[in-house]
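>>> Structure for the following, please:
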Amino acid sequence: MNETWSSPECDLLPKLKSLRIPTLVITGDHEFIPAAIAAHITQAIPNARMVTLKDCGHFSYLERPVAVRERIDAFFRVK
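Predicted coordinates for the structure are as follows:
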C-alpha cells in the first residue's frame with residue numbers, strides 16, 4: 001500500500017472526474033482520514049454529495065448502521 005500511495009503515478013483524482021453515477025461520500029467526525037481529503041474526493045466527482053456522521057469513525061456502516069442507511073435512502077430519494 002505504501003508503495004502505491006507514494007508512487008507519483010498513483011493519482012486517482014482524474015479518474016474520479018469521469019464518474020457519472022450518483023455518489024454519496026460518507027465520513028465520520030472521528031474519521032482518521034482527514035475531512036479535507038473526503039471533501040477533496042467529493043469535489044472531484046461530478047454532482048457528488050458528502051455527509052459527516054457525528055460520533056462516528058472510519059467504519060460508519062458498523063458504527064452507525066441506522067444513520068448510514070438513513071443517509072443513503074435520503075440520497076436516492078432526491079435523485
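>>> which sections of this structure are below the confidence cut-off?
The chain contains residues with pLDDT under 70 at 1-5, 79.
>>> Longest helix in it, please.
helix 65-78 (DSSP state H).
>>> Geometric centre of this protein: which residue is closest?
In the chain, the residue lying closest to the centroid (C-alpha atoms, centre = their mean) is Val25, at 2.9 Å.
>>> can you give me the strands in the chain?
Assigned by DSSP state E, the strands in the chain fall at 24-28, 49-53.
>>> For Ile37, which of the ones you listed is the nearest?
Relative to Ile37, the nearest member of the strands of the chain by C-beta to C-beta is strand 24-28, separated by 8.8 Å. (Each C-beta comes from the backbone N, C-alpha and C, glycine too.)
>>> Now for Phe75: which residues touch it?
Phe75 makes contact with Pro22, Leu24, Arg49 under the criterion C-beta atoms under 8 Å, 6 or more residues apart in numbering.
>>> quick one: which of those residues has the most company?
Counting neighbours by other C-beta atoms under 10 Å, Leu24 leads those with 17 neighbours.
>>> Next one: the closest residue to that one other than its chain neighbours from Ala67, what distance?
Once flanking residues are discounted, Leu24 sits nearest to Phe75: 4.5 Å by C-beta to C-beta, 6 or more residues apart in numbering. Using C-beta to C-beta, to the nearest Å, we find Phe75 at a distance of 13 Å from Ala67.
>>> ok, back up a step: name whatever forms a beta bridge with the residue nearest to the centre of the chain.
Val25 has these beta-bridge partners by DSSP bridges: Met50.
>>> Wait, it touches Thr52, no?
No. Using C-beta atoms under 8 Å, Val25 makes no contact with Thr52, being 9.4 Å away.
>>> Overlap in contacts, those two.
Residues touching both Val25 and Thr52 by C-beta under 8 Å, 6+ apart: Ala38.
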